[in-house]
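Participant: requesting a structural model of the entry that follows:
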Amino acid sequence: MKTLLALALLSAPVVASAQLAVSVTLAPPALPVYVQPAAPEPSDVWAPGYWAYGDDGYYWVPGTWVVAPRTGYLWTPCYWGWNNGQYIYHGGYWGAHVGFYGGINYGYGYGGSGFNGGGWSNGVFVNRSVTNVNNVTNVSTFNGGPGGTTAAPTPAERAAAAEPHVPPTAAQNSHAMTASANPALRASVNHGKPAIAATSKPGEFSGKGVVAAKQAGAAPAAPAATRKPDSAAAHPRDNASAHPQNSSATQAQAHTAPAKPKAAPRTVAKKPAKPSRAKAGSQHKPRS
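Facilitator: Predicted coordinates for the structure are as follows:
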């Protein structure tokens, strides 16, 4: 089922409607600390690692170097936003300018706003040397809500949100799907310190190009999530975000299956239904 869903999303037309949103009642773990591997090619663009959500809770998608899909395009990382007790996933995308990514400091050029790790010159992307420091300088790994960052999109980031976007490349999607199938990358297993924190190439999860986390973030908690069919017009925004979901239906959507539904209380014979015990974030329901 997971494979079929992923293939369906990857082959879907590039449109901004009829998307599948991911909302979680559990905050994502802190970003692990790791050293960025060397770029295989001088023109590669860095895509930082991030926590995605699947059937078994949060799992780490390693940072990696990727080839831009178009000349002049830059990568805007994904981020988790907060809205009415739910953590909402906002997928990354390619565009002429870097948009809003929640004020999350991913490090290595992505300090929370914009990107200073390189730029395009005469049709060629040129990487700049970025000091390898702790990429966890923010305590928060999500935007809005209790304990979240308070960053709001700048006018330039709002303008970038309205520009044409290109979804994650096939290599990026394959990289994320591979991560989702690796038990060692689950937060419940690695406790926020994945052995594969970053790779030099998408999908390269072994060998010299793999970098392990030096330090873990906050200890992960038990998973609890819900996925809902959505549309671009009805998608909830976190209280600081202005950009729409990208047209690839977000990376997490491209490589995770819907959470396993729990039996509704009214169908359980042994225990009478009690509305007060219904768990938020565990039911499939359409967004209004």
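
Participant: if you count neighbours, what's buried in stretch 106-118?
Facilitator: By 16 or more other CB atoms under 10 Å, the buried positions in stretch 106-118 come out as 106-115, 117-118. For glycine as for every other residue, the C-beta is placed from the backbone atoms N, C-alpha and C.

Participant: and for stretch 65-72?
Facilitator: Within stretch 65-72, the residues that qualify as buried by neighbour count (16+ other CB under 10 Å) are 65-66, 68-69.

Participant: run through this structure and note the low-pLDDT ranges.
Facilitator: Low-confidence segments of the chain, defined by pLDDT under 70, are located at 1-21, 129-139, 217-288.

Participant: now the strands: where do they sit in it?
Facilitator: With DSSP state E as the criterion, the chain has strands at 19-24, 45-47, 50-54, 57-61, 63-66, 74-76, 79-83, 86-90, 93-95, 118-121, 124-127, 198-199, 210-211, 225-230.

Participant: tell me which of these lies nearest to Tyr101.
Facilitator: strand 79-83 (4.7 Å; CB to CB).

Participant: show me what that closest one is packed against.
Facilitator: Where contact means 3 or more CB pairs under 8 Å, 6 or more residues apart in numbering; DSSP states H and E, strand 79-83 is packed against strand 86-90.

Participant: using PDB, list the CA coordinates for the strand it packs on.
Facilitator: This file holds the C-alpha atoms of strand 86-90, laid out as PDB (Å, rounded to 0.1, in the frame of the first residue of the first chain):
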ATOM      1  CA  GLN A  86      -1.400  20.200  15.000                       C
ATOM      2  CA  TYR A  87       2.100  20.200  13.400                       C
ATOM      3  CA  ILE A  88       1.600  20.700   9.700                       C
ATOM      4  CA  TYR A  89       4.300  19.600   7.200                       C
ATOM      5  CA  HIS A  90       5.200  22.100   4.500                       C
END
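
Participant: ok, Tyr53 - how many residues close by?
Facilitator: 24 (other CB atoms under 10 Å).

Participant: so it bridges to which residues?
Facilitator: Judged by DSSP bridges, the bridge partners of Tyr53 are Tyr58.

Participant: how close does it sit to Gly117?
Facilitator: 27 Å (CB to CB, to the nearest Å).

Participant: how about Ala96?
Facilitator: Applying CB to CB to Ala96 and Gly117 gives a distance of 17 Å.

Participant: what's the neighbour count on Ala181?
Facilitator: Counted with other CB under 10 Å, Ala181 comes out at 12.

Participant: any idea how far Pro32 is from it?
Facilitator: For Ala181, the distance to Pro32 - CB to CB - is 19 Å.

Participant: before we move on, what about Asn127?
Facilitator: 22 Å.

Participant: and for Trp75?
Facilitator: If you go by CB to CB, the gap between Trp75 and Pro32 works out to 20 Å.

Participant: cool, and Thr76?
Facilitator: Counting by CB to CB - Thr76 and Pro32 are separated by 21 Å.

Participant: cool, and Asn116?
Facilitator: From Asn116 to Pro32 the distance is 22 Å (CB to CB).

Participant: now Ser206
Facilitator: With distances taken as CB to CB, Ser206 is found 18 Å from Pro32.

Participant: which one's more surrounded, those two?
Facilitator: Pro32 (26 against 8).

Participant: what about the closest residue to Trp51 other than its chain neighbours, how many neighbours?
Facilitator: What sits nearest to Trp51 in space, not counting adjacent residues and going by CB to CB, 6 or more residues apart in numbering, is Pro28, at 4.3 Å. By other CB under 10 Å, 23 other residues sit near Pro28.

Participant: residue contacts, Pro28?
Facilitator: Applying CB atoms under 8 Å, 6 or more residues apart in numbering, we find Pro28 in contact with 51, 53, 58, 80, 87, 141-142.

Participant: out of those, which is most surrounded?
Facilitator: Going by other CB under 10 Å, Trp80 tops the contacts of Pro28 with 30 neighbours.
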